[in-house]
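K.L.:
Sequence first, predicted model second:
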Amino acid sequence: MLCPKCQSRMSKAAFQSVEVDRCEGCGGLWFDILEHEDLKKLKGAERALDTGSPDLGREMNQIRRIDCPVCRTGMVSLHVPDQPHIVVEQCAVCHGVFMDAGEFRDFVHRTPLDLLRDLFADEEA
Ligand SMILES: [Zn+2]
Ligand SMILES: [Zn+2]
C-alpha cells in the first residue's frame, strides 16, 4: 500500500493483535474501520505506533484532498468529535482513517489530565 499523502511505501505495524499501516516517508498512520478506536483503549498503543515526526505531521496535515489507499474513493477530512483541533481523513466507503504523524498521540490524549496520568504511568513503569 502507498501513502495517500506522500506516496511512500506503507509498512505493517502491529500493537497487540491490531495491525495498522505506517508510512515510511511521513509517518502517517492508516487505520482500517474502527482500529483507531480499538487501539485508543490499549495502553501504550500511541507510543508504539505513532513514531513519526509531529512537525512533519503538521506539514502533511495541510494535504486534505487524498484518495483512499484501499478503495480509491476521495476521502473526507473531518474534525474529531470532542477534539476539533485534530483533522483526520476518513473514507466514506470503507471507513478507513488516515492520521498524520502525531495525530494519533493527540487523539489518545484527550485532556491535559490524561497527559499527566501518562507521565506518572511512565515513572511507575
Ligand atoms: Zn506518507
Ligand atoms: Zn476506502
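P.N.:
Everything's here; your move. Ligands and ions are numbered 1, 2, ... in the order given.
K.L.:
Contact distance from ligand 2 - what residues of the chain qualify?
P.N.:
Proximity of the chain to ligand 2 (CB under 5 Å from the ion) is limited to residues 68, 70-71, 91, 93-94. Glycine gets a C-beta too; all of them are placed from N, C-alpha and C.
K.L.:
which two of these lie the greatest distance from each other?
P.N.:
70 and 93 (8.7 Å; CB to CB).
K.L.:
So between those two, which is more surrounded?
P.N.:
Taking other CB atoms under 10 Å, residue 70 and residue 93 do not tie; residue 70 has more neighbours (17 against 13).
K.L.:
Before we move on, what's the pLDDT of that one?
P.N.:
The per-residue pLDDT reported for residue 70 equals 97.
K.L.:
In contact with it, which residues?
P.N.:
Counting by CB atoms under 8 Å, 6 or more residues apart in numbering, residue 70 touches 1, 32, 91, 94, 96.
K.L.:
change it to 10 Å
P.N.:
Going by CB atoms under 10 Å, 6 or more residues apart in numbering, residue 70 touches 1, 4, 21, 30, 32-33, 91, 93-96.
K.L.:
Just the buried ones from these?
P.N.:
Neighbour-count burial (16 or more other CB atoms under 10 Å) applied to the contacts of residue 70 gives 4, 21, 30, 32, 91, 94, 96.
K.L.:
contacting residues for the second one?
P.N.:
Listed by CB under 10 Å, 6+ apart, the contact partners of residue 21 are 1-3, 9-13, 28-32, 35, 69-70, 96, 98.
K.L.:
for it, helix, strand, or coil?
P.N.:
Following DSSP: H, G, I helix; E, B strand; the rest coil, we place residue 21 in the strand state.
K.L.:
Tell me the spacing between it and ligand 1.
P.N.:
In this view, residue 21 and ligand 1 are 10 Å apart by CB to the ion, to the nearest Å.
K.L.:
how about stretch 64-84 against ligand 1, any contact?
P.N.:
No: applying CB under 5 Å from the ion, one finds stretch 64-84 separated from ligand 1 by no less than 9.9 Å.
K.L.:
Please save the CA atoms from that stretch in PDB.
P.N.:
C-alpha atoms of stretch 64-84 as PDB (Å, rounded to 0.1, in the frame of the first residue of the first chain):
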ATOM      1  CA  ARG A  64      -6.500  17.300   2.600                       C
ATOM      2  CA  ARG A  65      -7.600  16.100  -0.800                       C
ATOM      3  CA  ILE A  66      -6.500  12.500  -0.900                       C
ATOM      4  CA  ASP A  67      -7.800   9.200  -2.300                       C
ATOM      5  CA  CYS A  68      -8.400   6.200   0.000                       C
ATOM      6  CA  PRO A  69      -5.400   3.900  -0.400                       C
ATOM      7  CA  VAL A  70      -7.700   0.900  -0.100                       C
ATOM      8  CA  CYS A  71     -10.700   1.600  -2.300                       C
ATOM      9  CA  ARG A  72      -9.500   4.700  -4.200                       C
ATOM     10  CA  THR A  73     -12.500   6.800  -3.100                       C
ATOM     11  CA  GLY A  74     -11.900  10.500  -2.400                       C
ATOM     12  CA  MET A  75     -11.600  10.900   1.300                       C
ATOM     13  CA  VAL A  76     -13.400  13.400   3.500                       C
ATOM     14  CA  SER A  77     -11.500  15.500   6.100                       C
ATOM     15  CA  LEU A  78     -13.200  15.800   9.400                       C
ATOM     16  CA  HIS A  79     -12.700  17.200  12.800                       C
ATOM     17  CA  VAL A  80     -12.600  14.600  15.500                       C
ATOM     18  CA  PRO A  81     -15.700  14.900  17.800                       C
ATOM     19  CA  ASP A  82     -14.600  16.300  21.200                       C
ATOM     20  CA  GLN A  83     -11.200  17.200  19.800                       C
ATOM     21  CA  PRO A  84     -12.000  19.500  17.000                       C
END
